[in-house]
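1. here you go, sequence then predicted model.
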Amino acid sequence: ELHETRMGMTDVVQKTQKDQTDCIKKLGKNLLRQAKIIKRQKKAIEQYTIQLDGLKEEMAMQDERDLDRDAEFQAQMEDFEKIAEQKVAMQHSLQENIEE
C-alpha cells in the first residue's frame, strides 16, 4: 500500500511538472508574440513621428508664406490708400482750377 501511495505521489508530481512545463512554454510563446506586436507598434510609431515631423515642417513653411502674403497685402493696401488720397487731392486741385 505504501508502494502504491508513493507511485501515486510520483505520478502526481510528474503530472504537475508536465503541467508547469506546458504552462511555461505557453507563457513563453505569448511573450514572444507580444514582443513581436510591440516591435511592430514601435516601428509604426516611428513612422508616424516621421510623418508628423514632416507635417510640422510643412505647416511652418505655410505659416511663413502666409506671413509674407499678409505683409505684401498690407503694403498693397497702404499703396492703395496713398493713391486714393492722391486722387482726392487731385480732384480738389482740379475743382479749384475750374472754379478760378
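-> On my side now, so go ahead.

2. and the helices in the protein?
-> Secondary structure of the chain (DSSP state H): helices at 2-99.

3. just for it, where's the confidence low?
-> Applying pLDDT under 70 to the chain picks out residues 1-3.

4. middle-most residue in it, spatially?
-> For the chain, the residue sitting closest to the mean C-alpha position, by Cα atoms, centre = their mean, is Leu52 at 4.2 Å.

5. number of nearby residues for Leu31?
-> 10 (other Cβ atoms under 10 Å). To be clear about C-beta, it is placed using only N, CA and C from the backbone, and glycine gets the same treatment.

6. and it, how far from Asp70?
-> Going from Leu31 to Asp70 by Cβ to Cβ, to the nearest Å gives 57 Å.

7. Gln34 too?
-> Taking Cβ to Cβ, one finds Gln34 at 52 Å from Asp70.

8. tally of neighbours for Leu55?
-> 10.

9. equivalent analysis for Thr10, please.
-> Residues within reach of Thr10, counting by other Cβ under 10 Å, total 10.

10. repeat for Glu100
-> Neighbours of Glu100 using other Cβ under 10 Å come to 5.

11. got it, and Thr21?
-> Neighbours of Thr21 (other Cβ under 10 Å): 10.

12. who are the contact partners of it?
-> By Cβ atoms under 8 Å, 6 or more residues apart in numbering, Thr21 lies in contact with nothing.

13. could you check how far it is from Lys15?
-> 11 Å.

14. and Leu32, by the same measure?
-> Between Leu32 and Lys15 the distance is 26 Å, computed by Cβ to Cβ.

15. and what of Glu64?
-> Per Cβ to Cβ, Glu64 is found 73 Å from Lys15.

16. cool, and Lys82?
-> Separation of Lys82 from Lys15 (Cβ to Cβ): 99 Å.

17. equivalent analysis for Glu85, please.
-> Using Cβ to Cβ, Glu85 is found at 102 Å from Lys15.

18. with Ala75 instead?
-> 89 Å.

19. likewise for Lys29?
-> Taken as Cβ to Cβ, the span from Lys29 to Lys15 is 21 Å.

20. perfect, that will be all.
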